[in-house]
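A.B. asks: Make a model of this:
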Amino acid sequence: MNLIEQYGWNNNWQEKLIGSSVAGRVLLEHKNLYRVMTNEGEWLCSLSGKFKFDHDREAFPAVGDWVVLEQMPGEEKGIIQEVLPRSSQFSRKAAGMTTEIQLIAVNVDFVFLVMSLNHDFNVRRLERYLLAAWDSGATPVVVLTKKDACDDLSYYISEVESVAFGVDVFAVSSLTGEGIDNLERLLSAGKTGALLGSSGVGKSSLINALSGVEVMAVSDIREDDSKGRHTTTHRELTLLPSGGLLIDTPGMREFQLWDTSEGVSASFKDIEELGEECRFRDCKHEKEPGCAIQEAIYTGVLKEERYKSYVKLMRELAHIERKNDVAARKVERDKWKQITKVQRSNYKKKK
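C.D. replies: Okay, the predicted model is just below:
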């Protein structure tokens with residue numbers, strides 16, 4: 001087996017590679033410098049000037065990407081010329097007022113949405129993660145950590161199952177090892193997973209449990225609110241003894257949605273199916289007669305908190321869509337302003 005085959009290279013990726021170019025997978029990224037695993041070993045790589053000029057930030061390599069390289073003569077260093085088309089992409093809106101997106105994980109088969117069985121447990125946050133996970137192209141899996149410290153597991157499982165339709169839910173303990181084998185079976189040779197969740201949920205401990213050795217530093221959490229420090233400060237791809245691969249990510253204090261139109265139907269199919277049963281097609285689900293959603297809330301079939309969360313998320317997505325449209329129009333205007341400016345300058349030179 002070639003070295004990069006251990007990191008997930010297969011015939012599907014080979015078909016995307018043109019000619020006899022050198023391919024590698026990004027293990028670590030730091031300020032536009034990349035650690036890339038190739039058949040010749042691990043190289044320190046940077047982006048070519050042409051790539052930087054021709055692409056926006058979203059197209060830049062991320063941990064998990066497969067890239068096309070040119071080796072620097074006589075050195076274990078390379079220049080990244082191209083990023084191969086991604087099989088999956090989990091992203092969120094970057095913090096602040098910007099309309100840019102932040103890549104969280106790419107080319108992963110499974111997105112492990114991690115919550116701990118303590119104060120961190122938050123179904124509304126899980127709904128946000130599931131929206132983005134369904135849209136990413138990867139398979140979402142819910143992982144509930146610290147099972148050894150939980151006295152009422154059935155309550156937490158039922159809460160997750162009420163919002164995570166068709167999603168595997170595993171309760172695990174990195175301390176005792178219970179449930180870890182379920183994750184190992186998913187991460188068979190060549191399969192890649194990414195751990196996502198807030199600080200202190202036990203992502204680094206999970207990687208250590210799956211690796212059998214301490215490959216990630218672990219911090220204690222505060223007992224009063226179960227919150228932890230950002231132990232992981234960067235994204236890194238780790239090869240596991242099972243042959244699978246895992247990307248650890250920094251804890252996220254907030255998760256702002258980007259574009260999850262397809263994920264809505266998967267995450268909120270219960271609400272959308274109820275909406276189809278309303279008497280009127282244009283029902284606003286407020287005080288209209290024959291509203292199936294309000295009836296479901298009244299009878300307890302649908303929790304009011306879940307419906308309010310759905311409405312809030314839909315408003316947020318509509319706001320993002322409007323902002324994206326405005327941003328796209330501005331880019332187009334600026335482009336034509338620049339073209340006009342160049343044309344005027346050329347016309348004046350000819351005169």
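
A.B. asks: Could you pull out the helices in the stretch 201-350 of the chain for me?
C.D. replies: 203-211, 261-267, 269-275, 292-299, 304-350 (DSSP state H, counting those that start in this stretch).

A.B. asks: check which helix or strand covers Gln81.
C.D. replies: Taking DSSP states H and E as the definition, one finds Gln81 inside strand 77-83.

A.B. asks: correction: Glu75
C.D. replies: Here Glu75, judged by DSSP H and E, is contained in no helix and no strand.

A.B. asks: so what's Ile101 bridging to?
C.D. replies: Beta-bridge partners recorded for Ile101 (DSSP bridges): Lys93.

A.B. asks: quick one: it and Ser91, what's the gap?
C.D. replies: Applying CB to CB, to the nearest Å, the value for Ile101 to Ser91 is 5 Å. From N, CA and C alone the C-beta is placed, and that goes for glycine too.

A.B. asks: So which of the two has more stuff around it?
C.D. replies: Taking other CB atoms under 10 Å, Ile101 and Ser91 do not tie; Ser91 has more neighbours (21 against 16).

A.B. asks: got the contact list for the most centrally placed residue in the chain?
C.D. replies: Here the mean C-alpha position of the chain is nearest to the C-alpha of Phe90 (CA atoms, centre = their mean), at a distance of 2.9 Å. By CB atoms under 8 Å, 6 or more residues apart in numbering, the residues touching Phe90 are Leu103, Ile104, Ala105, Val106, Val108, Val111, Ala132, Ala133, Ser136, Ala138, Ala194, Leu196.

A.B. asks: Look at the last one and say how many residues are nearby.
C.D. replies: Residue neighbour count, defined by other CB under 10 Å, stands at 28 for Leu196.

A.B. asks: how far away is it from Leu240?
C.D. replies: Leu196 is 17 Å from Leu240, by CB to CB.

A.B. asks: quick revisit: can you give the contact residues for the strand holding Gln81?
C.D. replies: Residues contacting strand 77-83 (CB under 8 Å, 6+ apart): 21-22, 24, 34, 36, 38, 43-48, 50-51, 59-61, 65-72.

A.B. asks: ok, 10 Å please
C.D. replies: Under the criterion CB atoms under 10 Å, 6 or more residues apart in numbering, residues 16-18, 21-24, 26, 32, 34, 36, 38, 40, 43-52, 55, 59-62, 65-72, 106 lie in contact with strand 77-83.

A.B. asks: Can you say which of these are buried?
C.D. replies: Buried by 16 or more other CB atoms under 10 Å: 22-24, 26, 34, 36, 38, 43, 45, 47-48, 51, 60-62, 65-69, 106, out of the contacts of strand 77-83.

A.B. asks: mind listing which of those are in strands?
C.D. replies: 22-24, 26, 34, 36, 38, 43, 45, 47, 66-69, 106 (DSSP state E).

A.B. asks: Out of those residues, the closest to Glu184 would be?
C.D. replies: Val106 (22.6 Å; CB to CB).

A.B. asks: pretty sure the closest one contacts Ala59?
C.D. replies: No. Using CB atoms under 10 Å, Val106 is not in contact with Ala59; the gap is 11.0 Å.

A.B. asks: what residues do those two have in common as contacts?
C.D. replies: Asp65, Val83, Arg86.

A.B. asks: Domain ranges for this protein, per the record?
C.D. replies: As assigned by automatic domain parsing, the chain contains the domains 3-83, 89-248.

A.B. asks: Show me what counts as buried in stretch 303-319.
C.D. replies: Residues Arg306, Tyr307, Ser309, Tyr310, Leu313, Leu317 are the ones in stretch 303-319 that count as buried (16+ other CB under 10 Å).

A.B. asks: Is it possible to get those residues out as CSV so that each row also shows pLDDT and distance to Ala209?
C.D. replies: Formatted as CSV, the buried residues of stretch 303-319 follow (pLDDT from 0 to 100; distance: CB to CB, whole Å):
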residue, pLDDT, distance to Ala209
Arg306, 83, 32
Tyr307, 84, 37
Ser309, 79, 32
Tyr310, 81, 35
Leu313, 76, 33
Leu317, 71, 36
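
A.B. asks: Adding distance to Gly275, write those out as CSV.
C.D. replies: Compiled in CSV, the buried residues of stretch 303-319 are given as follows (distance: CB to CB, whole Å):
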residue, distance to Gly275
Arg306, 13
Tyr307, 10
Ser309, 15
Tyr310, 10
Leu313, 15
Leu317, 16
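
A.B. asks: which sections of the stretch 101-250 of the chain are below the confidence cut-off?
C.D. replies: 213-234 (pLDDT under 70).
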